[in-house]
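*Asks:* Need the 3D shape of this:
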Amino acid sequence: MSEENRMTAVSLREKRAQKATTVVGILAAISLVATVWLGLFITPPDEFMGNLVRLLYIHPPIAWVMFIAYGVSFLSTLLYLWPRTRDLRFDRLAGASSEVGVLFTGLTLISGSIWGRPTWGTWWTWDPLLTTTALLFVMYLGYLALRQLPGDPDVRAKRSAVGGLIAFIDVPIVYFSVLWWKSLHQAPTVLDPTTGKTYIHGSMAYTLLLGFVAFTLLFIYLLAKRYRLAGLKDVYERLSLQEAIEERKLEATAGQSAYENAVSAYGPKDELVGQNSFLEKAGSESEIPLYPSHSSQNNLSIRAQNIRGEII
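*Replies:* Residues are numbered from 1 along each chain as shown. Alright, predicted model coming up:
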């Protein structure tokens, strides 16, 4: 396959991916609006919590997405570390999913605190679930900071993979903390892992299920967008580096050509009055400019600037 055909195929795949992402985004928006409408106006208040139960349709789905995001990041990290499947695209996916996971971890802590204030009488308590979730938030922030350290892409990916695996250790601890330790936080409501029973039924169950679907679609949309931006950033950095290297090569070639022309016309450099005069004469009479303009790098520059525009 020629380079032109390959680029055309890549462009078509990119357009299809963007259309699919747009469709997922629209579905996510519709389902989120439906969840809010059902949760606020259709479902009845709870027998014990009253209208506070309406946070049930938001808080658990947000926490669900948090676990999904870190799970995707963990699996992508393993695929990158496995020699047979090692590909920087898996590293990019791990980073993108972790970013979405950190966002939803923060939302989980915020929504949980809002729910906890009227229920427990305090915005925050060092409950095992809250503490391990806050620790998870900090650990993955550190993982994202580790990914920003400069270095060779493969070395950086391996270093980040180790950090991602260490951070993931806290994920199962967060999930099982309400079962392992005495906690103010209630046990799972939708499906109790110890008894297998479900404690929510009717319109409340349907609305909660829709909330899970809505936030899962939102996760897919955000992940696709963030993954694409990460890919564009990698391409932009690669093109910028290539452009800088080509410019240095052209400068070296132009300088050497100007020097040879001057020597042939005026003799060795030490016979001239000074180096600056020598170089000025060389540059003025050489067909190749001493410091070439960016016009010789138009293709690389245009591609890099286009990608930079999409990233920003």
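
*Asks:* Thought residue 52 was touching residue 118, still the case?
*Replies:* Yes. Between residue 118 and residue 52 there is a contact under CB atoms under 8 Å: 6.0 Å. Backbone N, C-alpha and C define where each C-beta goes, glycine included.

*Asks:* Which of these two has more residues huddled nearby?
*Replies:* For residue 118 versus residue 52, neighbours defined as other CB atoms under 10 Å are more numerous around residue 52 (15 against 12).

*Asks:* Quickly note the distance from the more buried one to residue 230.
*Replies:* Residue 52 is 39 Å from residue 230, where distance means CB to CB, to the nearest Å.

*Asks:* Same question for residue 127.
*Replies:* For residue 127 relative to residue 230 (CB to CB), the value is 35 Å.

*Asks:* And for residue 66?
*Replies:* From residue 66 across to residue 230, the span is 20 Å (CB to CB).

*Asks:* out of those two, which sits in the busier spot?
*Replies:* Just comparing residue 66 and residue 230: by other CB under 10 Å the higher neighbour count belongs to residue 66, 28 against 19.

*Asks:* mind listing what the residue lying closest to the more buried one once chain neighbours are set aside touches?
*Replies:* Spatial nearest neighbour of residue 66, chain neighbours left out: residue 104 (4.3 Å); criterion: CB to CB, 6 or more residues apart in numbering. Contacts for residue 104 (CB atoms under 8 Å, 6 or more residues apart in numbering) come out as 62, 63, 65, 66, 69, 219.

*Asks:* ok now do the third one, which residues does it touch?
*Replies:* With contacts taken as CB under 8 Å, 6+ apart, residue 65 has the following neighbours: 100, 101, 104, 215, 216, 218, 219.

*Asks:* swap in the second one?
*Replies:* Under the criterion of CB under 8 Å, 6+ apart, the neighbours of residue 63 are 104, 108.

*Asks:* chain center to the helix or strand that contains it: distance?
*Replies:* Under the criterion of DSSP states H and E, residue 63 resides in helix 59-81. Computed by CA atoms, centre = their mean, to the nearest Å, the chain-centroid distance of helix 59-81 equals 12 Å.

*Asks:* What of stretch 49-59?
*Replies:* Distance of stretch 49-59 from its chain centroid, counting by CA atoms, centre = their mean, is 31 Å.

*Asks:* So what's the model's average confidence on the helix holding residue 63?
*Replies:* Taken as a whole, helix 59-81 carries a mean pLDDT of 96.

*Asks:* Pull out the buried residues from it.
*Replies:* Neighbour-count burial for helix 59-81 flags 59-70, 72-74, 76-81 (criterion: 16 or more other CB atoms under 10 Å).

*Asks:* Please identify the next secondary structure element, helix or strand, after that helix.
*Replies:* Moving toward the C-terminus from helix 59-81, the next helix or strand (DSSP H and E) is helix 88-120.

*Asks:* For that following helix, which residues meet the burial criterion?
*Replies:* By neighbour count on 16+ other CB under 10 Å, the buried set for helix 88-120 is 90-105, 107-109, 111-112, 115-116.

*Asks:* tell me the angle it makes with helix 59-81.
*Replies:* Per axes from the mean of the first three to the mean of the last three CA atoms, to 10 degrees, the angle that helix 88-120 makes with helix 59-81 is 160 degrees.

*Asks:* Show me what whichever helix or strand comes after helix 88-120 is packed up against.
*Replies:* Using DSSP H and E, the helix or strand that follows helix 88-120 towards the C-terminus is helix 128-147. Helix 128-147 is packed against helix 88-120, helix 153-168, helix 170-180, with contacts defined by 3 or more CB pairs under 8 Å, 6 or more residues apart in numbering; DSSP states H and E.

*Asks:* Just send those back as CSV, with distance to residue 41 and mean pLDDT too.
*Replies:* Converted to CSV, those look like this (distance: least, CB to CB, whole Å; pLDDT from 0 to 100):
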stretch, distance to residue 41, mean pLDDT
helix 88-120, 20, 93
helix 153-168, 39, 93
helix 170-180, 31, 90
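
*Asks:* could you list every residue that touches the closest residue to residue 141 other than its chain neighbours?
*Replies:* With CB to CB, 6+ apart as the criterion, residue 141 has its nearest non-adjacent residue at 6.2 Å, and that residue is residue 102. Listed by CB under 8 Å, 6+ apart, the contact partners of residue 102 are 137, 140, 141, 144.

*Asks:* From residue 23, how far off is residue 102?
*Replies:* 26 Å.

*Asks:* Please apply the same query to residue 61.
*Replies:* Noted for residue 61: a distance of 20 Å to residue 23, by CB to CB.

*Asks:* ditto for residue 224
*Replies:* As judged by CB to CB, residue 224 and residue 23 stand 11 Å apart.
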